[in-house]
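In: Take this sequence and fold it.
(2 chains)
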There are 2 protein chains.
Amino acid sequence: MKVQIIGIGLIGGSFALDIKSAFPEAEIFGSDADEKNLKKAQELGIIDHPAKIEDVEHADVVLIAVPVDVANKVVADVLDLVNENTLVFDAGSTKSRLCKEIANHKNRRNFLAAHPIAGTEFSGPEAAISNLYRDKTNIICEVEKTAFKLQERALDIFQKLGMRIRYMDPVSHDRHIAYVSHLSHISSFMLGKTVLEKERNERDIFDLAGSGFASTVRLAKSSPAMWSPIFRENKENVLETLTEYINNLTHFKDLLENDDFQEVYNEMQRTNHIKSILNGIN
Amino acid sequence: MKVQIIGIGLIGGSFALDIKSAFPEAEIFGSDADEKNLKKAQELGIIDHPAKIEDVEHADVVLIAVPVDVANKVVADVLDLVNENTLVFDAGSTKSRLCKEIANHKNRRNFLAAHPIAGTEFSGPEAAISNLYRDKTNIICEVEKTAFKLQERALDIFQKLGMRIRYMDPVSHDRHIAYVSHLSHISSFMLGKTVLEKERNERDIFDLAGSGFASTVRLAKSSPAMWSPIFRENKENVLETLTEYINNLTHFKDLLENDDFQEVYNEMQRTNHIKSILNGIN
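Out: The predicted structure is shown next:
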């Protein structure tokens, strides 16, 4: 099985490691817009051979793991080149525009739109790790538009990597994911900003930070090159969640200002049952 | 050594476990406003004997680990009763008002104002764990107001539990901690609220949540009974941080609305160096 991975960073690199381990006979080809990344991936043994995009015509499986603003074009370019037996899937955090833009591509049936809910706050091939996808959810959009035998091949890979599959339409996907992923990143980046602005004047502040702070700002380590395009692609949904979040914070602030600490307590109490929902997410 | 712990939840219970292990000859007495907690702590072997507040007159060490709104009164009540060789220390997240209120107490020199930066999102004696304080920072305020030999006894305990000590005045403590702890909790609770409100209509949303979401909302599991008093005690500082946070979020939202994605990128890029600062916090 020839597998070509376009974009050999955290996501693509981790797929490479797990596919190699689940399919020992697989040959892994890697492409990356950044020559340094490609070289690093080779040095680390993440890929077997560097490759050009044009080489996808010889691939059995192509994974596209590039920032979402370029993914739309890369998916279309790759579909232009593939043979009828090539499975192409992506791993992007937004799905609506991509699915729309390739809807009428002559090779639409070669493509499977996927979003594995997995990652860390790190990026690049050095960040690739084994078993990143084990027990994680993989959301698949518009599965009915993918050729049946290629669906099967994709599911075989996803299952061997230990993923749970969920099917969803791209519009619902983008709305949901704005709440449970995109908003968390903004919340974290702005929390980091708020504290860093303070820290300019007060050097000692981080000595006081504990695990709670580290947990809430962890995502502020994420790659701007990955996240800025996600916010652009999913702008309307992100604005909706962000507006609701700001409104909730402003309401909480009003309660503090008015010394309504009973309601401050109630606000937290009502959110506390998130405990039971979060069990099982790690 | 007779050690009496008043408030035998996560913080007090974890101190009990570590003190017992560092000082095997210590006898641990526990008091709690909630009879169930006290019974549970006994069943779990966290304390050796239940005790009444009045029993502090026989104690060598008294730890007060109760919500900050009652801590002020409990500390004063305990200081009324202690003998001149009793060390009393607290573990509260706010320090200014407490230090002010007991400033003129006749037994002020028996008291050491402390804030160990340690905890989890859980509460109650069942949440007590060993080594909670190892490698954590313990902030001590107004150390010069504590009798020298009692400072020594306190430092001996803190060092045996593996804590790093930092000295700070109570006003600075409360301002700093609003940024690196209290704001994180509000951010997390309101993030949880924003998503839960959505979830009422859309049951499936949490199937899509990954580790990033879990990390940012983890603190929304925290105890409202502990946190509502902290926000009241530290209201002015918390309002300042919360206002800055809301302003930063609103600015980010404006950038999205104006399609200024270069600046969205820059905002994240400027915050990214929090990576290096967070190294070492866990």
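In: Low-confidence ranges, the stretch 151-282 of chain A, go.
Out: A:201-204, A:279-282 (pLDDT under 70).
In: now with 90?
Out: Applying pLDDT under 90 to the stretch 151-282 of chain A picks out residues A:198-212, A:273-282.
In: Could you pull up the residues touching A:K40?
Out: Listed by Cβ atoms under 8 Å, 6 or more residues apart in numbering or on different chains, the contact partners of A:K40 are A:G124, A:P125, A:E126. Every residue, glycine included, has its C-beta placed from N, CA and C.
In: Let me see the contact set for the second one.
Out: With contact taken as Cβ under 8 Å, 6+ apart, A:P125 is in contact with A:I8, A:G9, A:G13, A:N37, A:K40, A:A41, A:L44, A:I46.
In: And it, how close does it get to A:L44?
Out: Relative to A:L44, A:P125 is positioned 6 Å away (Cβ to Cβ, to the nearest Å).
In: what do those two both touch?
Out: A:G13.
In: what's the longest helix anywhere in chain A in contact with?
Out: Longest helix in chain A by number of residues (criterion: DSSP state H): helix A:235-257. Applying Cβ under 8 Å, 6+ apart, the external contacts of helix A:235-257 come out as A:174-175, A:177-179, A:182-183, A:186-187, A:231, A:261, A:263-264, A:267, B:186-187, B:189-191, B:193-194, B:197-198, B:231, B:235, B:238-239, B:242-243, B:245-246, B:249-250, B:252-253, B:256-257, B:259.
In: Could you check how far it is from the centre of its chain?
Out: Computed by Cα atoms, centre = their mean, to the nearest Å, the chain-centroid distance of helix A:235-257 equals 24 Å.
In: Buried ones in that helix, by neighbour count?
Out: A:235, A:237-238, A:240-242, A:244-246, A:248-250, A:252-253, A:255-256 (16 or more other Cβ atoms under 10 Å in any protein chain shown).
In: Just want the angle from that helix to helix B:235-257.
Out: Here helix A:235-257 points in a direction 160 degrees away from that of helix B:235-257 (axes from the mean of the first three to the mean of the last three Cα atoms, to 10 degrees).
In: what's downstream of helix A:235-257, the next helix or strand?
Out: Note on helix A:235-257: by DSSP states H and E, the next helix or strand toward the C-terminus is helix A:261-271.
In: Could I get the CA-only coordinates of that next one as CSV?
Out: Taking C-alpha atoms only, helix A:261-271 is exported to CSV below (Å, rounded to 0.1, in the frame of the first residue of the first chain):
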residue,chain,number,x,y,z
PHE,A,261,-22.9,36.3,45.4
GLN,A,262,-25.9,34.0,45.8
GLU,A,263,-26.3,34.2,42.0
VAL,A,264,-22.6,33.9,41.5
TYR,A,265,-22.8,30.6,43.4
ASN,A,266,-25.8,29.5,41.4
GLU,A,267,-24.1,30.2,38.1
MET,A,268,-21.2,27.9,39.1
GLN,A,269,-23.6,25.3,40.6
ARG,A,270,-25.6,25.1,37.4
THR,A,271,-22.4,24.6,35.3
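In: The nearest residue to A:R164 once chain neighbours are set aside: what's it in contact with?
Out: Distances taken as Cβ to Cβ, 6 or more residues apart in numbering or on different chains place A:T137 nearest to A:R164, at 5.1 Å, with adjacent residues excluded. Residues near A:T137 by Cβ under 8 Å, 6+ apart: A:P116, A:I117, A:M163, A:R164, A:I165, A:R166, B:D207, B:L208, B:G210.
In: any idea which of the buried residues of helix A:235-257 is closest to A:K95?
Out: Using Cβ to Cβ, A:N237 comes nearest to A:K95 of the buried residues of helix A:235-257, at 11.3 Å.
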